[in-house]
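>>> after the sequence you'll find the predicted model.
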Amino acid sequence: MTTYTLGLDRHLNHYLQSVSLREPACLALLRHETAHHPQCRMQIAPEQGQLMALLVQLIGATKTLDVGVFTGYSALAIALALPADGRVVACDINETDTAIARHHWQLAGVAHKIELRIAPALDTLDQLLAAGEAETFDFAFIDADKRNYDGYYEQALQLVRPGGLIAIDNVLWSGRVADPQVQDRRTQRMRLFNQKLHHDRRIALSLVPVADGLTLAMKQR
C-alpha cells in the first residue's frame, strides 16, 4: 500500500499535487492526523480521493457504499461531493479507527450523510441485498481486506445500478502483482482478481495507475 502514486518520485508527486489537489481543510486535517497512525499506509492518497469525488459528481451519485473505512478519509471525500440528501453506507469492523472517522465527519458537517455499520462487510452487504436495495447504489468504493475482494465485488455489483461505478483500491499492490518472483498468497489472490475483472463482460473496465492502482468498473446497462 502507498499514500502516493506509484512510479512517481517524491518531487514529481509533489508537483502533481501542487497543480491538481484542491483538498478541503477538513480532509487535510484528517490526513495529517492519520499520518501518525501506526497503520498510516492504509490511508488513500489525496489525489485518489479527489478523483473519486469528481467521478461521484460526474455520475450524479446520491447513494454510495464505502467498504473499508479506516479513519474515514474516503467516506468524507465522497460525502463532501454528494448533494445535501446524499447517503454513504460505510462498512468496517474496527470501532477504534472509525471513532476517528466519526469525529472528523462531525467536524466537517457531513456526519448526517454517513451511516456507519460496524460488522463484517460481507454481512452488511448481504443485509442490504435482503432489504431490497439491489441496484439502488450509484457508486461503491472497495478498500478492505484483500481476501474478501471477490466477495465484496460480487455483492457491490448487485447493489449498484446499471451505469453505476465500482472503484477498487490497491490493485497494483505496490507493484508486486507484476513481479513473477513474488508468489505469496495475497499477491496471487490479487492477480487472480485483476484477471477476473479483465474478462468480466458485466462491466466496462479501466485500471487507473493512481496511488496503489484504482480499478474503475462500470456496471453495464
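All right, it came through fine. Numbering: from 1, shown residues only.

>>> what helix or strand is the residue of the chain positioned farthest from its centre located in?
Seen from the C-alpha centroid of the chain, the residue lying at the greatest distance (CA atoms, centre = their mean) is Gln181, 28.1 Å away. For Gln181, there is no enclosing helix or strand under DSSP states H and E.

>>> contact partners for it?
Contact analysis of Gln181 by CB atoms under 8 Å, 6 or more residues apart in numbering lists nothing. Heads up, the C-betas are built off the backbone N, CA and C, glycines and all.

>>> phi first, then psi, for it.
With angles defined as degrees, to the nearest 10, Gln181 sits at phi -80, psi -20.

>>> how far away is it from Gly7?
19 Å (CB to CB, to the nearest Å).

>>> what do you get for Gln127?
39 Å.

>>> kindly report the same for Ile118.
Distance from Ile118 to Gly7, by CB to CB: 36 Å.

>>> who has more neighbours out of the two?
Ile118 (13 against 10; other CB atoms under 10 Å).

>>> off-centre distance for the one helix or strand in the chain whose mean pLDDT sits lowest?
In the chain, the helix or strand scored least confidently by mean pLDDT, DSSP states H and E is helix 10-20, which has a mean of 93. Here the centre of helix 10-20 is set off from its chain's centre by 22 Å, with CA atoms, centre = their mean, to the nearest Å.

>>> for it, packing partners?
Secondary-structure packing of helix 10-20 (3 or more CB pairs under 8 Å, 6 or more residues apart in numbering; DSSP states H and E): helix 46-58.

>>> which parts of the helix it packs on are buried?
Using 16 or more other CB atoms under 10 Å as the test for burial, helix 46-58 gives 46-53, 55-56.

>>> low-confidence ranges, the protein, go.
1-4 (pLDDT under 70).

>>> would you mind measuring from the most centrally placed residue in it to Thr215?
Centroid-nearest residue in the chain, with CA atoms, centre = their mean: Phe141, separated by 3.5 Å. Distance from Phe141 to Thr215, counting by CB to CB: 11 Å.
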